[in-house]
Each structure stands twice: as C-alpha cells, then as structure tokens.
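Enquirer: Sequence and computational prediction follow.
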Amino acid sequence: MAAGVLTKGLCGFCQPRIVAAGYSCSGPLYATATAVKTLPLQTDSTAVTDEIQNLPLETPDFFRLSELFSLKDLFDARVHLGHKKGCRHRLMEPYLFGSRLGQDIIDLDQTMVHLQSALNFTAHIAYRGGIILFVSRRRQFGHVVESTAGDCGEYAHTRYWQGGLLTNAPIQYGPGVRLPDLIVFLSTLNNVFQQHVGVRDAAKMNIPTVGVVDSNCNPSLVTYPVPGNDDTPAAMELYCRLFKMTINRAKDKRRQMELLQGLSPAGLTQGSS
Amino acid sequence: MKKWTRKKQLHDVAKERTEIHTNMAALCKVVSGPRTGACVFPKRAIDICKSLYSTDSEETSEGKAVEETQKPAADKVKSGFAAAYEQHTDLQQRQNQTGTTVRLGSTRNEKSFASLLRNSPLMQMGPAKDKMVIGKIFHTIKDDLYIDFGAKFHCVCKRPTVDGEKYQRGSRVRLRLEDLELTSRFLGANTDTTLLEADAFLLGLIESKDAKTKE
C-alpha cells in the first residue's frame, strides 16, 4: 500500500534532472547509473554549470524569501499558539516566548529567523535539482500537503510509513534507488504522540530535514527546526503556501539561469530579478 | 507695509512647503509600493525635505534681504499675529512630516511580536472558562459540528434539536467556552495526553436573516 503511494521519486532511471559533476548526493545509495550518464558532458559546459550552481551561494538571500512572509502573517495564521504547559517538551523551552494561563506561546521573532533559514535551504536544494519529500501524518491536512507537493513538482508521503522506506530502500524498491535530498516535515509527530520515524531515519541516512516543531515535539534531530503551530489549518496552509512559493521561485530561477547560459556560454550576467 | 510683505512671504513659503510635502509624500508612496526593503526611503525623504527647506530659506533671505523665515534660524523675535502664524505653520509642518513617516512605516508592519500579542483578543480574553465567543462551522458529519472560533483548536458540538437543519458549513454560532485544549495527565505518563480539541457549549445560531431584513 505504501509502496504504491510514492510515485516516480524513487526510480532513479527516469530522472531528467541535471546533475552537476561536482555535486555529491546524500548517502551511499546514489545511483551509479545516473553518474555514468553524466560522463559524456563536455568540460567547458560543466564549468559553466558549476558557475550556475555556485552563484546563489554568494548572496545571503539570493531568492529574496524575506518578502514572502512577515511577522503579521505568522501572527494572523496563529503560528504562535502552542499546546498546554503539561504537554511541553523540555527541548522546546528555548523557542517559547512564555506561557499564558497554561498555554505555551511560541516566540515568533525566533520563528522568523528559523523559517527564513529553512526556506532559504529549501530554495537552494530546489535550485540544484534536488528531490524534496513532504511528510505529514496528520490526517486532517493530508490533502493540503499532497496538493502542495503536486503544485511544485515535488513528492509527498502522508500515509503509513513503512519501517525500511529510507533505511532498506534498495531491497524494498529495487537497486539504484534515488532517495530524497530534503525531507520537509509539516508535523514531526505521529498521531500517537510518538515522533515520526522519518525524522530518525533521515538522520541515519544523512538526509537534511526541515520540520515544523510544535511545543510538544522534539527538535533535536531536525536539521532546520521551525518552531510553530502545526495543529491549526490556517498555519498549515501558510506553511504549504510558503514552501510551494519558495520551490517554484527557485526552479524558475534555475530555468532562467540555464536560458542565460544557452544564450551566452562565455560570460554569465548576474541574475536580473 | 513691511509687516504685510513679511506675512505674504511667510504665507508663500508655507504654501510651497505644503506643496513639497504632498509631492514628496506622493513620490515616497509610489516608490515604496513595490516591497524592496523601503526602510531607507523615509529617512531619505526627510533629508530631502530638510534640504529643500534650507534652500528655500536661503533663497528667500538672499532674494528679499528680509529677516529669515525659518524658526530655528530666527534672529529677530516676532510678536503678535506673525509669531502665532509661524508657530501654527511649524506645527502643521511637523504634523505633516510625522504623518508621512507614520504612513510609510505602517506599510511594513512595525509592531513587535510582544505588542501584537498583548493586544490580541486571546490575551485580552483572559481565562477561557465561561467566555462567550462567535465561531464558524467548517465541517459537519451527521450530528457532529466542527466549529472554529479563532483559537488553536476547533471544538466539536452536537447538533441541537431546535433548528437542526440551519447548522450547515459556514454558519456562525455563539459558543460558551469551557477549555481551549482538552488535556489531562494520566498515571504513569511523562506528558499530558491531549485530545487536540477545545471544549465549548453551543448556545445558538447568529441570525443573519434579521440583519438582512433591517437593511
């Protein structure tokens, strides 16, 4: 059942994405077949491709993602509301602004910083042609997450997570499987208030993770935690919209850069917008 | 005769300043339309305005060889109507200045998270017990109504026997809150167990038909 849900993301052979020679994917399960395919590329075009790859790294906010959201938007989407004091996870205490009549309030100033860095990382991964997997086990938001993934051309997994999905992939799905380069958790918990297995497995497989951590979640294994509410539909729709816009922006930028490369292979002009 | 010409000059200068103000405000509004980190613009606008003022005063003083018209550079003390007029024009200019800066600042939210939180309805409400709120039904399953009232969680209420068919998706209802989140610590547990729901008592519909008939 679960195998059928994951679409062409795990078939390494039908990936039309451009892979630069110098870019190394995460984990030892990187497809050797695609590496063979990149060999016939000429050396001067790989140099230009390297230049395209490294250009966004020169500016801190190359994709200008700070325009996408503001403190007021986060506040109106109720991102600052946490669970009750009794549900609090000890490791979330640094991210909390305080507690009001027993309900924890998440510090939105910290959330802004974390969300900015998480979106920036996602944009860079999307720019480099990485595979992004959206994971959420909240049944209430399953459809929103799946439609978000479809809209930006990435993948989603909102059903039962089989134990060996990441750790046992070559045996379960065949040899030469490409694993996701980034996993975005829109809720890091299972419904039974255990942490989602994917968080631990991604850490095992050296796959970076972005995760929305509520006041009852454990942020320690998530690479880019974003402290925020994961129970309100308004907040979830905001996150989905932000991730979708980030990924689309990054991919459009990449296409624009490649077009420029096609027109003038000798010199690259700085991205205009 | 001398007083009359001085007053006329004051009036002209005041007119020019207000015109410059409106032009600068329009310019800054147009410029700060696209959000390109326009925090720099208000400062620049004030600097430009100030420089314009200074050139104005220089020109008038050079041209007419009369006492300066700007208050900070005033040597001769004015009395009577002239002083009052100057004071009021200065106040008006300062008001316009602060008005433009406030307008430019509020296009980007300047309120801190602490002030937003402090003034939010959730904080103003206090303890949730026995508070009246208005909610909106966003989902119905047979007899269960899922009502969202602006807090972290929604509440689930049974469809009342009176006017049961009127409670559909999108209808607004009155609620009496009991708890914002149903949690409890069970024996042997490390953390509370939460139901991911709020608890409220359904009072009734908000009659939108009455508002329509009134209009």
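Expert: Perfect, I can see it now. Residues are numbered from 1 along each chain as shown, chains lettered A, B, ... in the order given.

Enquirer: I'd say A:V222 and A:L186 touch.
Expert: No. Using Cβ atoms under 8 Å, A:V222 is not in contact with A:L186, being 11.9 Å away. Where you see a C-beta, it was placed from the backbone N, CA and C, and this is true even at glycine.

Enquirer: quick one, helices of chain A?
Expert: With DSSP state H, the ranges of helices along chain A come out as A:2-5, A:32-38, A:43-54, A:71-76, A:108-127, A:142-151, A:169-173, A:197-204, A:233-263.

Enquirer: would you list these in TSV and tack on mean neighbour count and mean pLDDT?
Expert: Listed next are the helices of chain A as TSV, based on neighbours: other Cβ atoms under 10 Å in any protein chain shown; pLDDT from 0 to 100:
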stretch	mean neighbour count	mean pLDDT
helix A:2-5	11	44
helix A:32-38	12	46
helix A:43-54	14	81
helix A:71-76	18	94
helix A:108-127	20	96
helix A:142-151	18	96
helix A:169-173	15	93
helix A:197-204	19	96
helix A:233-263	18	93
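
Enquirer: Distance to B:A151 added to those helices, as JSON lines?
Expert: Shown next, in JSON lines, are the helices of chain A (distance: least, Cβ to Cβ, whole Å):
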{"stretch": "helix A:2-5", "distance to B:A151": "33"}
{"stretch": "helix A:32-38", "distance to B:A151": "49"}
{"stretch": "helix A:43-54", "distance to B:A151": "46"}
{"stretch": "helix A:71-76", "distance to B:A151": "14"}
{"stretch": "helix A:108-127", "distance to B:A151": "17"}
{"stretch": "helix A:142-151", "distance to B:A151": "20"}
{"stretch": "helix A:169-173", "distance to B:A151": "41"}
{"stretch": "helix A:197-204", "distance to B:A151": "28"}
{"stretch": "helix A:233-263", "distance to B:A151": "11"}
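
Enquirer: So which residues on chain B come close to chain A?
Expert: Proximity of chain B to chain A, by Cβ under 8 Å from any Cβ of the partner chain, involves residues B:35, B:108-109, B:111-114, B:116-117, B:120, B:122-123, B:126-128, B:138, B:148, B:150-153, B:180-181, B:183, B:185, B:191-194, B:196.

Enquirer: Mark which of those residues are buried, thanks.
Expert: B:113, B:116-117, B:122, B:128, B:148, B:150-153, B:180-181, B:183, B:191-192, B:194, B:196 (16 or more other Cβ atoms under 10 Å in any protein chain shown).

Enquirer: Can you read off the pLDDT for residue 41?
Expert: Just going to use chain A. Note on A:L41: pLDDT of 50.

Enquirer: not quite, I wanted chain B
Expert: On the pLDDT scale, B:F41 gets 43.

Enquirer: Next: B:E58.
Expert: At B:E58, the pLDDT value in this model is 42.

Enquirer: In a markdown table, list the helices of chain A along with distance to chain B.
Expert: Formatted as a markdown table, those follow (distance: least, Cβ to the nearest Cβ, whole Å):
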| stretch | distance to chain B |
| --- | --- |
| helix A:2-5 | 24 |
| helix A:32-38 | 39 |
| helix A:43-54 | 25 |
| helix A:71-76 | 4 |
| helix A:108-127 | 4 |
| helix A:142-151 | 13 |
| helix A:169-173 | 32 |
| helix A:197-204 | 18 |
| helix A:233-263 | 8 |
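
Enquirer: Residue of chain B closest to chain A, please.
Expert: B:D192 (3.4 Å; Cβ to the nearest Cβ).

Enquirer: I figured that residue hits B:R185, correct?
Expert: Yes. Using Cβ under 8 Å, B:D192 is in contact with B:R185, at 5.0 Å.

Enquirer: which residues are in contact with both of these two?
Expert: Listed as contacting both B:D192 and B:R185 by Cβ atoms under 8 Å, 6 or more residues apart in numbering or on different chains are A:G86.

Enquirer: contacting residues around A:V213?
Expert: A:92, A:95, A:188, A:219, A:222, A:225-228, A:230.

Enquirer: Show me where chain B dips below the pLDDT cut-off.
Expert: Where chain B drops to pLDDT under 70, the residues are B:1-78, B:95-109, B:208-215.

Enquirer: Show me where it has its strands.
Expert: B:132-141, B:144-148, B:155-158, B:172-179, B:183-184, B:193-194, B:199-205 (DSSP state E).

Enquirer: Adjacent strands (with direction) for the last one?
Expert: Strands flanking strand B:199-205 in the sheet, each with its direction: strand B:172-179 (antiparallel) (DSSP bridges).

Enquirer: next one: the second one
Expert: Sheet neighbours of strand B:144-148, with direction, are listed as strand B:132-141 (antiparallel), strand B:155-158 (antiparallel) (DSSP bridges).

Enquirer: what angle separates it from helix A:233-263?
Expert: 60 degrees (axes from the mean of the first three to the mean of the last three Cα atoms, to 10 degrees).

Enquirer: Next: the fourth one.
Expert: Compare the direction of strand B:172-179 with that of helix A:233-263 by the same axes, to 10 degrees and you get 110 degrees.

Enquirer: got the contact list for strand B:172-179?
Expert: B:128-137, B:145, B:147, B:149, B:155, B:157, B:167, B:198-206, B:208.

Enquirer: and it, which residues are buried?
Expert: Within strand B:172-179, the residues that count as buried by 16+ other Cβ under 10 Å are B:173-175, B:177, B:179.

Enquirer: do you know how far the closest residue to B:K152 other than its chain neighbours is from B:L116?
Expert: Nearest residue to B:K152 in three dimensions, chain neighbours excluded: A:L81, at 4.0 Å (Cβ to Cβ, 6 or more residues apart in numbering or on different chains). For A:L81, the distance to B:L116 (Cβ to Cβ, to the nearest Å) stands at 13 Å.

Enquirer: Thanks again, I'm all set now.
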